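Peer 1: Just a sequence and a predicted model for now, questions to come.
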Amino acid sequence: MHSPAGTVCAICADRTRGRTIRLRLTHGVTAWLCETHASAEFQLRRDGRDLAEALERVWLASDSLTAARRRALAAHIALVSRDPPATRRRPGSYAWPELRARAESEWARGAPPLPTIRRLRREVAGGPVTPPSERTMQRWFNQRRWCH
C-alpha cells in the first residue's frame with residue numbers, strides 16, 4: 001500500500017524523496033518506508049540487520065521502541081537470515097533411524113523380536129553413544145511399521 005501524500009519514510013524522515021510504502025512486519029508492527037528502504041535489497045542486506053538496526057535507532061530516538069517492535073525486528077532478522085537454524089540432536093529413538101530400519105527389516109522377514117533386539121543392541125554398544133533401550137526397541141516391534 002502506498003502512503004497518503006506527505007507521509008515520510010521512518011528512516012529518511014524529512015529527507016524522504018518520492019512516495020512511501022507500508023512495510024508490514026510481524027507482531028502487528030508496520031512502518032512507512034521510502035522505496036529504497038522498502039526494497040527487498042535493503043530488507044535483506046546483512047541478513048536483515050541493516051533494516052532492523054535503522055528502525056531500532058529511529059524508535060529508540062523517539063522513545064517508541066516497544067516490546068512488540070523489538071520482537072518484530074528480531075523476527076525479521078530470523079526470517080531473512082541466511083544462517084540455517086541450529087539443528088539439535090534427535091531425541092531418543094529418533095536418533096537411531098538406521099538401526100530401527102535394520103530391526104524392522106529383520107522383523108518383517110520373521111525374526112523373533114527379543115533375540116533380534118538384544119543382538120542389535122550388542123552390536124552398537126561400546127560406541128560413543130548409548131543405544132536405545134530394550135523397551136524402546138520393543139515399542140518399535142509393537143508398532144509394526146513394516147506392515148503399513
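Peer 2: Good, I have the coordinates.
Peer 1: Show me how the record splits this protein into domains.
Peer 2: Residue ranges for the structural domains of the chain, counted by automatic domain parsing, are given in the record as 13-80, 92-147.
Peer 1: least reliable of these going by mean pLDDT?
Peer 2: Taking each of the domains of the chain in turn, the one with the lowest mean pLDDT is domain 92-147, at a mean of 87.
Peer 1: Do a quick rundown of the helices in the protein.
Peer 2: Counting by DSSP state H, one finds helices in the chain at the ranges 35-38, 40-44, 49-61, 67-80, 97-108, 113-124, 134-143.
Peer 1: With mean neighbour count and distance to residue 7 added, can I get the domains of the chain in a markdown table?
Peer 2: Where you see a C-beta, it was placed from the backbone N, CA and C, and this is true even at glycine. Converted to a markdown table, the domains of the chain look like this (neighbours: other CB atoms under 10 Å; distance: least, CB to CB, whole Å):
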| stretch | mean neighbour count | distance to residue 7 |
| --- | --- | --- |
| domain 13-80 | 15 | 5 |
| domain 92-147 | 14 | 51 |
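Peer 1: For residue 6, which of those is the nearest?
Peer 2: Evaluated over these, closeness to residue 6 peaks at domain 13-80, with 9.4 Å, by CB to CB.
Peer 1: What is the end-to-end distance of that closest one?
Peer 2: The first residue of domain 13-80 is 25 Å away from its last residue (CA to CA, to the nearest Å).
Peer 1: quick one: it to chain centroid distance?
Peer 2: A distance of 21 Å separates the C-alpha centroid of domain 13-80 from that of its chain, computed with CA atoms, centre = their mean, to the nearest Å.
Peer 1: Just list the residues touching residue 23, thanks.
Peer 2: Contact analysis of residue 23 by CB atoms under 8 Å, 6 or more residues apart in numbering lists 30-33, 38, 43.
Peer 1: Of those, just say which sits nearest to residue 12.
Peer 2: Minimum distance to residue 12 across those is 8.2 Å, recorded for residue 33 (CB to CB).
Peer 1: from what I can see that closest one touches residue 20, true?
Peer 2: Yes. Under the contact definition of CB atoms under 8 Å, residue 33 touches residue 20, with a separation of 6.1 Å.
Peer 1: anything in contact with each of those two?
Peer 2: residue 9.
Peer 1: partners of the residue nearest to residue 17 when sequence neighbours are not counted in the sheet?
Peer 2: In space, residue 17 comes closest to residue 34 once its chain neighbours are excluded; the distance is 6.6 Å by CB to CB, 6 or more residues apart in numbering. Residues found in beta-bridge contact with residue 34 (criterion: DSSP bridges) are residue 20.
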